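J.: Quick one, fold the following:
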Amino acid sequence: MKKHPIELLIEQGEHQQLDFKFEVSDSKKIARTLSAFANTDGGRLLIGVKDNGVIAGVRSEEEYYMIEAASQMYTRPEVPFEAKRWQINGKTVLEVYIAPSQDRPHLAPDKGDKFKAYIRVEDENILANEILLRAWRKKQMSKGVLLKISKPVEILFKWFEENNTYININQFCRIAHINYYTAKNILSDLIAVDALRYEVVEKRILYCRTSSLAG
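T.: Numbering: from 1, shown residues only. Reported below is the predicted structural model:
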């Protein structure tokens, strides 16, 4: 018997682009998930599905309006979404799709109601750091980013050639003999022009060349 599309999604379990929600009771909290999906690779929310994958169904139309409120009131700039209702064995599952955004960073309120940017890592939402924020904002600049191949940049890429691994900002400061502020600017420039990418390892944001770990 052919499985329902939602059942096939549930079989994947929660991951970087899929999140289960039994219910939506807090628009601010769900806004953080919308921010994280939009700032990373996009993703889907399945409302009415428990963490263990059991379909409980949504209780009312209120679930949709909570998502709508999260998007319109608690994300800056607003994170657009598409929603679809599915009927499975007499129960309704609300599927919410968020596309990866070109308008990053999208902000959402933290527990103290301060607007922050989030990224999606596996099945969690974590705070983006200042380097990613700068990189995203530089990418939005109409004039683009003018990258100067300075001595610290040369040192960094030589280090990547010799080590073929990730680096953190403190390591970069040490090997290039530069201060933290300069390191932030260089790393954000390199991410903005796609010369570097970020990777989250044990909840720490690290950096590598876009092709240095390929293969």
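
J.: mind listing what residue 120 touches?
T.: 16, 17, 33, 36, 37, 39, 40, 41, 43 (C-beta atoms under 8 Å, 6 or more residues apart in numbering). No exception for glycine: its C-beta is placed from N, CA and C like everyone else's.

J.: From these, keep the buried residues only.
T.: For these, a burial check counting by 16 or more other C-beta atoms under 10 Å picks out 16, 17, 33, 36, 37, 39, 40, 43.

J.: Point out where the chain drops to low pLDDT.
T.: 142-147, 212-215 (pLDDT under 70).

J.: Now with 90, please.
T.: The chain contains residues with pLDDT under 90 at 1-3, 25, 59-62, 89, 138-150, 164, 193, 202-203, 210-215.

J.: tell me the helices in it, going along the chain?
T.: Assigned by DSSP state H, the chain shows helices spanning 5-11, 27-39, 62-74, 130-140, 151-163, 169-176, 180-192.

J.: and the fourth one, C-alpha only, in CSV?
T.: Backbone C-alpha positions of helix 130-140 (Å, rounded to 0.1, in the frame of the first residue of the first chain) are rendered in CSV as follows:
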residue,chain,number,x,y,z
GLU,A,130,28.4,38.4,14.5
ILE,A,131,30.6,37.1,11.7
LEU,A,132,27.6,35.5,9.9
LEU,A,133,25.5,38.6,10.5
ARG,A,134,28.1,40.8,8.9
ALA,A,135,28.6,38.4,6.0
TRP,A,136,24.9,38.3,5.2
ARG,A,137,24.5,42.0,5.4
LYS,A,138,27.6,42.6,3.2
LYS,A,139,26.1,40.2,0.6
GLN,A,140,23.0,42.4,0.6
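
J.: what sits up against it?
T.: Outside helix 130-140, the residues that reach it (C-beta under 8 Å, 6+ apart) are 39, 103-105, 117, 119, 145, 169, 184-185, 187-189, 191-192, 198, 205, 207.

J.: Next: the last one.
T.: Counting contacts by C-beta under 8 Å, 6+ apart, the residues outside helix 180-192 that touch it are 130-132, 134-136, 138-139, 145, 147, 150, 152-153, 156, 169, 172-173, 176, 178, 196-198, 207.

J.: Could you export the buried ones among the contacts of residue 120 as CSV, including distance to residue 61?
T.: Formatted as CSV, the buried ones among the contacts of residue 120 follow (distance: C-beta to C-beta, whole Å):
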residue, distance to residue 61
16, 29
17, 26
33, 20
36, 25
37, 23
39, 28
40, 29
43, 23
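
J.: I am finished for the moment; much appreciated.
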